[in-house]
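**Q** heads up, no residue letters with this:
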């Protein structure tokens, strides 16, 4: 069983964090939704083992990682390590004494459900579904909760997880010199303790009341542009982040070129994952203005190199450094980022160094190549009936 363990010093962090996660790329596509559904169970088990330490345990689900994140006060770090050293590794449900009808209700064959969120609530999922091929783990709706897996599905997960790389990262102001350890043994060793089965209450907590439903009038529309990006280890990601900062935001190029009062909001962001990435432009506007917004966005991208002036790049470089340095103060962000780099078989470098090392001409060249590349996906999201009530406005 392959394990990668890493400790990261985060000077000045007020809270420590440990991430224990499976590498999603190692799981068969059909097993990934089972692992996503099981992640809250792992978090509850961790919470039970850490009872009395004041730790906060939560499920960690990203396109590259499925597991548990634990946050704790630095003074409790060794106590937390000791407790986690007897926690079964994610996927080892045999150590939980799971059986049909005992702790996990089984309601028939488990199948992956349809996404629970509407397109308007999760527009980026629509973009990813068009950039990545069907069935790819990056193509789904991130954060969508599948049905709770039953015992049969958990046993299938056990078999797959036994051959999956386990990633363990601790980040905080005081971490062990070599790795996350307990008396010289890795916390990642797992499957050595026997905490006993979870109770029905732990597996099935009382459901929270639904928020009050308030009827609203039809809302605005959205123009979405998705483009293939780059993987986490690709140095060109710096050019994308700088270009996104120049284009997006209240004072960005898009806001100026589209004109005051044209849009309600807009954002431009690039996200890098272990194996690939994507860039998204999201503009919220009145439905009748979406065609004009689309034309404006495409015109800005055609003139991208001209907009990426030396002054604009340097200004965005400073803003990006501020965000990176601020994020490096939070141990949980550092732990998740480090684990994601390990999932990508790469070493996390100093984000500030990457931002400062890329020259302006490289930024313009890489950003131009990537933002005008092939494989783009464009979408209009409009309220029901909007296209019929506003004919001739350029809706596809």
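**A** Received the coordinates, thanks. Since the model is a prediction, treat every value here as computed from it, not as a measurement.

**Q** all strands for the stretch 51-200 of the chain, in order.
**A** Counting by DSSP state E, counting those that start in this stretch, the stretch 51-200 of the chain forms strands over residues 56-61, 65-72, 166-172, 181-182, 185-186, given from the N-terminal end onward.

**Q** which outside residues touch the longest one?
**A** If I follow you right, that is strand 65-72. With contacts defined as CB atoms under 8 Å, 6 or more residues apart in numbering, strand 65-72 is touched by 15-24, 27, 32, 35-36, 39, 42-43, 46, 50, 53-60, 80, 84, 90, 167, 331-332, 335-336, 339-340, 343. Yep, even glycine has a C-beta here, placed from its N, CA and C like the rest.

**Q** now, which of those residues lie within helices?
**A** Counting by DSSP state H, the members of the contacts of strand 65-72 that fall within helices are 32, 35-36, 39, 42-43, 46, 80, 84, 331-332, 335-336, 339-340, 343.

**Q** nearest to residue 383 among the strands of the stretch 51-200 of the chain would be which one?
**A** Each of these was checked against residue 383 via CB to CB, and the shortest separation belongs to strand 56-61, namely 30.6 Å.

**Q** buried residues in the helix or strand where residue 291 lies?
**A** If you go by DSSP states H and E, residue 291 is part of helix 290-302. Residues of helix 290-302 classed as buried under the neighbour-count rule (16 or more other CB atoms under 10 Å) are 290, 291, 292, 293, 294, 296, 297, 300, 301.

**Q** what is the nearest of the residues you listed to residue 253?
**A** residue 300 (5.8 Å).

**Q** thinking the closest one is in contact with residue 307, fair?
**A** Yes. Using CB atoms under 8 Å, residue 300 is in contact with residue 307, at 6.7 Å.

**Q** what sits in contact with each of those two?
**A** The contact sets of residue 300 and residue 307 overlap at 247, 253 (CB under 8 Å, 6+ apart).

**Q** drop anything exposed from the contacts of strand 65-72.
**A** 15-24, 27, 32, 35-36, 39, 42-43, 46, 50, 53, 55, 57, 59-60, 80, 84, 90, 167, 331-332, 335-336, 339-340, 343.

**Q** for stretch 229-247, give the mean pLDDT please.
**A** Computed over stretch 229-247, the mean pLDDT rounds to 93.

**Q** that should have said stretch 132-145, apologies.
**A** 73.

**Q** what about stretch 134-152, start to end distance?
**A** Terminal residues of stretch 134-152 are spaced 26 Å apart (CA to CA, to the nearest Å).

**Q** quick one: contacts of the helix holding residue 291?
**A** Counting contacts by CB under 8 Å, 6+ apart, the residues touching helix 290-302 from outside are 221-223, 225, 247, 253-254, 257-259, 262-263, 281, 283, 285, 307, 371-372, 378, 380, 382, 393-395.

**Q** try it again with 7 Å
**A** With CB atoms under 7 Å, 6 or more residues apart in numbering as the contact definition, helix 290-302 has outside contacts at 221, 223, 225, 247, 253-254, 257-258, 262-263, 281, 283, 285, 307, 371-372, 380, 393-394.

**Q** buried among these? Need that as a selection in PyMOL.
**A** The buried subset of these, as determined by 16+ other CB under 10 Å, is captured in PyMOL by this line:
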select buried, resi 221+223+225+247+253+254+258+262+263+281+283+285+307+371+380+393
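
**Q** in strands, which of the contacts of helix 290-302 fall?
**A** Secondary structure defined by DSSP state E assigns 221, 223, 225, 263, 281, 283, 285, 380 of these to strands.

**Q** test my guess that the first one contacts residue 288.
**A** When you say that, I think you mean residue 221. No. Counting by CB atoms under 7 Å, residue 288 is not a contact partner of residue 221; they are 8.4 Å apart.

**Q** for the spatially most central residue of the chain, what are its contacts?
**A** Nearest to the mean C-alpha position of the chain, by CA atoms, centre = their mean, lies residue 62 at 4.2 Å. Residues counted as contacts of residue 62 (CB under 7 Å, 6+ apart) are residue 340.

**Q** so it versus residue 266, what's the distance?
**A** Summarising the geometry, the distance separating residue 62 from residue 266, computed by CB to CB, to the nearest Å, is 25 Å.

**Q** so, low pLDDT: which residues of this protein?
**A** 1-2, 91-121, 141-148, 150-151, 176-219, 249-250, 350-351, 384-396 (pLDDT under 70).

**Q** domain ranges for it, per the record?
**A** As given by automatic domain parsing, the domain ranges for the chain are 3-105+118-203, 221-389.

**Q** pull the residues that contact stretch 38-53.
**A** Identification of contacts with stretch 38-53 by CB under 7 Å, 6+ apart yields 57-61, 66-68, 70, 72, 76, 79-80, 83-84, 86-87, 90, 149, 154, 157, 195, 198, 202-203.

**Q** narrow these to just the buried residues.
**A** By the neighbour-count criterion of 16+ other CB under 10 Å, those include these buried positions: 57, 59-61, 66-68, 70, 72, 76, 79-80, 83-84, 86-87, 90, 149, 154, 157, 195, 198, 203.
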